[in-house]
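Chemist: what's the 3D shape of this:
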Amino acid sequence: MKTLATAAIFLGFVVLFVSAATAQTTAASAQTSAGAWDPEMQLKVRAVAAPRVSPDSKRIVYTVSEAVTTPEKSEFVTQIWLATIDTKQGNIDTKQNLQITFGDKSSTNPKWSPDGNWIAFTSNRKDNKNNLYLLSLNGGEAEPLTDVKSGVTDFAWSPDGRSIAFTMTDAKNEEEEKNDKAKNDFRWVDENVKMSRLYVLSIQKDANGKREPRKLTTGNFNVGDFDWSADSSRIAFSHTKTPIANDWTSSDVSIIEVASAKVTVLANTPAAETSPIYSPDGNSIAILVRTGVIQVFPTNGGQPKTLAASYDGQPGIAGWSADSRRIYFSEAKGTGTQIYALDVAANRIEEIKTSPAVFTAIALNRSGKTFGFVRQTPDTPGDAFVASVSDFTPVQISHVNADLKMPTVGRTEVIRWKSKDGKEIEGLLTYPICDLARESARLKRLRHGIPSREHAGLGRRRLSGVDGRG
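Modeler: Residues are numbered from 1 along each chain as shown. Below is the predicted model of the structure:
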């Protein structure tokens, strides 16, 4: 296998260097209508992110980022899209796909309310700072939920739909704001860092018609990711000493009572613990330990259960199954992404079979029935997909680059071979943009004679290398 793979790789190089003139002519003719794959073309490709399926699995939201280049601005602007999913007779199909946010500012990170009637999202449409907005799917304009000075970084709906928890970095003080306005905004790296705090916001307005965020965490630590308990009374969150990059190893997990803001430590071993996720039945919390394993902590106290080690030792938790018996996670395998189901009771990992691809932004909906994710391959850009947990057959939802005529790209295939220690190595072989059969025949005519002057230098050494292998 290794010999064949090596020969294939050398054949690719021979076509590139020995028959450069022919290959470039073929490539040029293939790209005449589509244009070359260059930075300008790359900027035209729209990017999909944050695909999230509604609790009833009938709709999905996702974001599309597009480059905006004008004399006045040069940036990527992100907007939210909504698609209706047809699940009749067990089949998944897209019935409707439309953009639901507009403007010259971005709208990002859409998340469904537990009842599926609202979408909360972040947007920098005011003062270029991220704030929370609420959009009814029954119509109307998005309503601002917050008006903060520093910007919302992430948020999550409470399971009862009455509140939203969010993280926000400490705002700059008066002197810092003054220095910014005077353009005297230099700073020392890793000094005077701003902590990320956890807040809670009621969806219902108070007697004065306002929604005032309440700060939950006031301690000297930096809040990371978090998740609500099933009864909406507690929030599990990860935290580090500071937001400084090298302090990631100090990450621990604690639980805070929403009503009293009382904090109780859940996991604080020498290893870094992150990504706490409550089980739907509220009896367990899954935590990602940076030694490469997932641990499950009982919410009523007791020792955690360390689950089976994954293939690559870098699992990313996607969510719990609806019955709280399995944990779905993903990680890199070879040159692609693999999704797994981990049976908690049996402590057994099952690989979910699917076609080779790279999957990102994998999220399980609130009912635990449908995945949303971005899927891409060497010859197709990323798009939003959905798949049922029962069979994981990916169904494409978005086609954001359908109107963009892509340049011709070389065919890419996966190759495998054994290393000296017997382990299998996986790589990608990308062929040049030309007719390989014709170039192979041309190569055979050249290999027994002396290359002409146009094939001198590096090309001659490549030919010798192939000839030496017969």
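Chemist: Hmm, residue 332 and residue 316 touching each other?
Modeler: No: at 9.5 Å, residue 316 does not count as touching residue 332 under the criterion of C-beta atoms under 8 Å. C-beta: built from backbone N, CA, C; applies to glycine.
Chemist: Now do the SS call for residue 318.
Modeler: Using DSSP: H, G, I helix; E, B strand; the rest coil, the structure places residue 318 in strand.
Chemist: and it, how many neighbours does it have?
Modeler: Residue neighbour count, defined by other C-beta atoms under 10 Å, stands at 21 for residue 318.
Chemist: now do residue 252
Modeler: By the criterion of other C-beta under 10 Å, residue 252 has 21 neighbours.
Chemist: Now for it: which residues touch it?
Modeler: Contacts for residue 252 (C-beta atoms under 8 Å, 6 or more residues apart in numbering) come out as 238, 239, 240, 265, 266, 267, 268, 273.
Chemist: So which residue is dead centre in this protein?
Modeler: Residue closest to the average C-alpha location in the chain (C-alpha atoms, centre = their mean): residue 361, at 3.2 Å.
Chemist: so when I look at it, I'm seeing a helix, right?
Modeler: No: applying three-state DSSP, one finds residue 361 to be strand, outside a helix.
Chemist: Correct me if wrong: it contacts residue 50.
Modeler: Yes: using C-beta under 8 Å, residue 361 is in contact with residue 50, at 6.0 Å.
Chemist: tell me, what's touching those two both at once?
Modeler: Residues touching both residue 361 and residue 50 (C-beta under 8 Å, 6+ apart): there are none.
Chemist: Helices of the chain, residue ranges please.
Modeler: Under the criterion DSSP state H, the chain contains helices at 2-17, 20-30, 39-44, 174-181, 436-447, 458-467.
Chemist: what about residue 249, how many neighbours?
Modeler: Around residue 249 there are 11 other residues, counting by other C-beta under 10 Å.
Chemist: Please name the residues that touch it.
Modeler: Contacts were defined as C-beta under 8 Å, 6+ apart; by that measure residue 249 touches 272, 290.
Chemist: Residue 215 pairs with what?
Modeler: Here residue 215 sits in beta bridges with residue 199, as judged by DSSP bridges.
Chemist: And for residue 329?
Modeler: residue 317, residue 340.
Chemist: Tell me where the model's unsure across this structure.
Modeler: Scanning the chain for pLDDT under 70 picks out 1-35, 87-95, 185-186, 435-470.
Chemist: In it, which strand is the longest?
Modeler: For the chain, the longest strand by residue count, based on DSSP state E, is strand 74-86.
Chemist: so how far is that strand off the chain centroid?
Modeler: Between the centre of strand 74-86 and the centre of its chain there are 15 Å (C-alpha atoms, centre = their mean, to the nearest Å).
Chemist: cool, and stretch 44-52?
Modeler: Chain-centre distance of stretch 44-52: 10 Å, with C-alpha atoms, centre = their mean.
Chemist: residue ranges of the strands in the stretch 251-400 of the chain, please?
Modeler: Taking DSSP state E, counting those that start in this stretch as the criterion, the stretch 251-400 of the chain carries its strands at 252-257, 263-267, 273-278, 284-289, 293-298, 305-306, 316-320, 326-333, 336-343, 348-352, 358-364, 370-377, 380-388, 395-396.
Chemist: Include distance to residue 128 when you put those strands into CSV, please.
Modeler: CSV is the format used below for the strands of the stretch 251-400 of the chain (distance: least, C-beta to C-beta, whole Å):
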stretch, distance to residue 128
strand 252-257, 31
strand 263-267, 33
strand 273-278, 30
strand 284-289, 33
strand 293-298, 38
strand 305-306, 45
strand 316-320, 31
strand 326-333, 34
strand 336-343, 34
strand 348-352, 41
strand 358-364, 25
strand 370-377, 26
strand 380-388, 27
strand 395-396, 34
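Chemist: All set, thanks.
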